[in-house]
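Q: sequence and predicted structure, then a few things I'm wondering about:
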Amino acid sequence: MHETTATTPELSSRRAWWGLAVLTLPVLLVSMDFSVLYLAIPSITADLDPSATQQLWILDVYGFAIAGLLITMGNVGDRVGRRRILLAGSAVFGLGSVLAAFSPDAGLLIASRALMGVGGATLLPSSLSLIANMFADPRDRGRAIGIWTAAFAGGSAIGPVVGGVLLHHFWWGTVFLINVPVLAVLLLAGPRVLPEYRAASDARFDVPGVVLSLLGILPLVYAVKDVASHGPHPRALALAVLGLVSLAAFVARQRRAAAPLVDLHLFRSPAFSAAIASSLVGMMTFGAMSYLTGVQLQTAMGLDVLVAALAGIPVAVTVGIFSISATRLATHGHRGPFVAALLLAALGNLGLVGLSVDGPVWVYLVSTAVAGIGYGIVFSLVSDFVVGSVPPERSGAASGVSETSFELGTALGLALLGSLATFVFRAAADGRPFADTLGETVERAQRDGDGALAQAARSAFTDGLHAASLASAVALVLLAGVVAVAMRRR
């Protein structure tokens, strides 16, 4: 096996940049598949007729699998080979995509999405950690990480755009089938342009740590989403307790393990902890903004699915451009760009408070584009900061920590901010027969010919969007203050 390290001269050659182009492919697909279903769910619901619980699992199981396995897969890649785990994960992701596209019922679609999540969990940390090996020069590495981040954050932004275009012309399965030709390119080109890297380690793999991490992350994320969907109840409380106890045991295990999955010493640095918090809160607010505005544009404002998809182009462009250029802003330190970017993201979220049922779409276009500038810079700087904090042989594990914070942020955004919007929506019912969601309420109103109910529901959902956007802005401003303190030069 051809192995290499981050100091090999050839890794800053043209081959390295071709390798980076190949590495952006799986990242783009993994992040797109979080958001692409936001527009496809109505078509899937009409075709497969899933129950309310099955519909939630179709949306959530992919993120659950990725969030629970990222840290583990980052460490596995460090040991068995990052290119090897990347290519194996791509094959699994492709198989899951094909099964999902042709699923005849909701059960198989859920299982297929879970399989895609297992594959996706290998792709993110292995691709990011390979960059640390391929680019020895810090400036080249920063630029490469910016491009990688643009693919990650941009994929989440363009997911609804791609989904909208495909759904306008084809059936819902095409949002999964589009993955197959892209993965074929990766599987064919990867062995030719990507180096292999495997860290030399004689320490036994921390299997108990893997089990404890899964028992901590999965029940906790599920409990948060369950409370968001059904309110507090004993099952969710029991799962939350199990998750917290398991995470506490995981931390205790990592402190004494010979080869820990997570180097807890990194979190002794306030700057490192602030960077991880930025990815968590940043992705939480970004994910909630993407989901809620998608519903707002289509169901509340009545825009065609293709028009709603095209309206997402400005935020995709700003996220991509500023992800790539972010490291240039940090030549004199990360603190100033981090704070400014968080405040820009807050400003963009605050602008969504001006969105209304009958108002102009430009409010959405401008607000999300401004937020995209901030998010693009934040996500790129987080990845650069985390990868640069560890030696190359631990970059896979560090990438797993970083990407786990991104995925947990997405889950928490839909759970916490999504449930806030839902609470405001339901509170505005005032005795009217609102269903659990805006879509169900509007469908009922159209079936009964009750135009007043539909209009009231649209206004109530818009109020919920305003509440979530305001909460996002406040959280981002507070985080900017924390980062300003934590990243002070000492």
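A: Arrived safely, thanks for sending. Numbers count the residues shown, from 1 in each chain.
Q: pull the distance from the helix or strand where Thr149 lies to the chain's centre.
A: Remark: Thr149 resides in helix 138-169, with elements defined by DSSP states H and E. Helix 138-169 sits 11 Å away from the centroid of its parent chain (Cα atoms, centre = their mean, to the nearest Å).
Q: neighbouring contacts of the helix or strand following it?
A: Once the chain leaves helix 138-169, the next helix or strand it forms, by DSSP H and E, is helix 174-177. Residues outside helix 174-177 that contact it (Cβ atoms under 8 Å, 6 or more residues apart in numbering): 33, 36-37, 40, 97-98, 100-101, 112, 162-163, 166-167. (C-beta placed from N, C-alpha, C; glycine too.)
Q: between the residues you listed, which is nearest Ala429?
A: Leu37 (27.0 Å; Cβ to Cβ).
Q: for the helix holding Thr149, packing partners?
A: For helix 138-169, the packing partners by 3 or more Cβ pairs under 8 Å, 6 or more residues apart in numbering; DSSP states H and E come out as helix 14-35, helix 37-48, helix 106-134, helix 174-177, helix 270-295, helix 305-310, helix 313-329, helix 362-387.
Q: make TSV out of those and add mean neighbour count and distance to Ala471.
A: Below are the helices and strands packed on helix 138-169 laid out as TSV (neighbours: other Cβ atoms under 10 Å; distance: least, Cβ to Cβ, whole Å):
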stretch	mean neighbour count	distance to Ala471
helix 14-35	22	20
helix 37-48	19	20
helix 106-134	25	27
helix 174-177	21	30
helix 270-295	24	8
helix 305-310	20	23
helix 313-329	22	19
helix 362-387	25	14
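Q: any idea which of these gets closest to Leu476?
A: Across the helices and strands packed on helix 138-169, closest to Leu476 is helix 270-295 (Cβ to Cβ), at 6.1 Å.
Q: and the residue nearest to Leu59 when sequence neighbours are not counted, what does it touch?
A: Closest residue to Leu59 apart from its sequence neighbours, by Cβ to Cβ, 6 or more residues apart in numbering: Leu37 at 6.0 Å. For Leu37, the contacting residues are Ile44, Ile58, Leu59, Gly163, Val175, by Cβ under 8 Å, 6+ apart.
Q: what does Leu297 give?
A: Leu303, Val307, Ala308, Ala311, Val361, Tyr364.
Q: any idea of the pLDDT on it?
A: Reading off the confidence values, Leu297 has pLDDT 86.
Q: thinking again about what came up before, and of the contacts of helix 174-177, the nearest to Val474?
A: Leu37 (28.5 Å).
Q: tell me the contacts of Ala445?
A: So Ala445 contacts Gly451, Leu453, Ala454, Ala457 (Cβ under 8 Å, 6+ apart).
Q: chain neighbours aside, what residue packs nearest to the second one?
A: Meaning Leu453. Excluding its sequence neighbours, the residue lying closest to Leu453 (Cβ to Cβ, 6+ apart) is Ala445, at 4.1 Å.
Q: tell me the secondary structure at that neighbour.
A: At Ala445, secondary structure determined by DSSP: H, G, I helix; E, B strand; the rest coil is helix.
Q: now do it, the pLDDT please.
A: We have a pLDDT of 83 for Ala445.
Q: now it: how far from Ala46?
A: As for Ala445, its distance to Ala46 is 18 Å (criterion: Cβ to Cβ, to the nearest Å).
Q: before we move on, what about Ala460?
A: 24 Å.
Q: count of residues packed around Ile145?
A: 29 (other Cβ atoms under 10 Å).
Q: wait, isn't it in contact with Asp384?
A: Yes. Assessed by Cβ atoms under 8 Å, Ile145 is found in contact with Asp384 at 4.6 Å.
Q: still on that earlier bit, mind putting the helices and strands packed on helix 138-169 in TSV, distance to Ala88 included?
A: Output for the helices and strands packed on helix 138-169, formatted as TSV (distance: least, Cβ to Cβ, whole Å):
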stretch	distance to Ala88
helix 14-35	12
helix 37-48	25
helix 106-134	7
helix 174-177	19
helix 270-295	26
helix 305-310	33
helix 313-329	27
helix 362-387	22
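Q: quick one: closest of those helices to Ala427.
A: Ala427 lies closest, by Cβ to Cβ, to one member of the helices and strands packed on helix 138-169: helix 270-295, at 16.3 Å.
Q: can you give me the angle that closest one makes with helix 313-329?
A: Here helix 270-295 runs at an angle of 170 degrees relative to helix 313-329 (axes from the mean of the first three to the mean of the last three Cα atoms, to 10 degrees).
Q: which helices and strands sit right next to the helix or strand harbouring Leu247?
A: Assessed by DSSP H and E, Leu247 sits inside helix 234-256. For helix 234-256, the packing partners by 3+ Cβ pairs under 8 Å, 6+ apart come out as helix 207-230.
Q: quick one: distance of the helix it packs on to the chain centre.
A: 17 Å.
Q: pLDDT on that helix, on average?
A: 75.
Q: list of residues touching that helix?
A: By Cβ under 8 Å, 6+ apart, helix 207-230 touches 56, 60, 63-64, 67-69, 71-72, 233, 235-237, 239-240, 242-244, 246-247, 249-250, 253-254, 257, 260-261, 404, 408, 411-412, 414-416, 418-419, 422.
Q: let's see it at 7 Å
A: For helix 207-230, the surrounding residues in contact (Cβ atoms under 7 Å, 6 or more residues apart in numbering) are 56, 60, 64, 67-68, 71-72, 236, 239-240, 242-244, 246-247, 249-250, 253-254, 257, 260-261, 408, 411-412, 415, 418-419.
Q: tell me the angle that helix makes with helix 234-256.
A: Angle between the axes of helix 207-230 and helix 234-256 is 150 degrees (criterion: the same axes, to 10 degrees).
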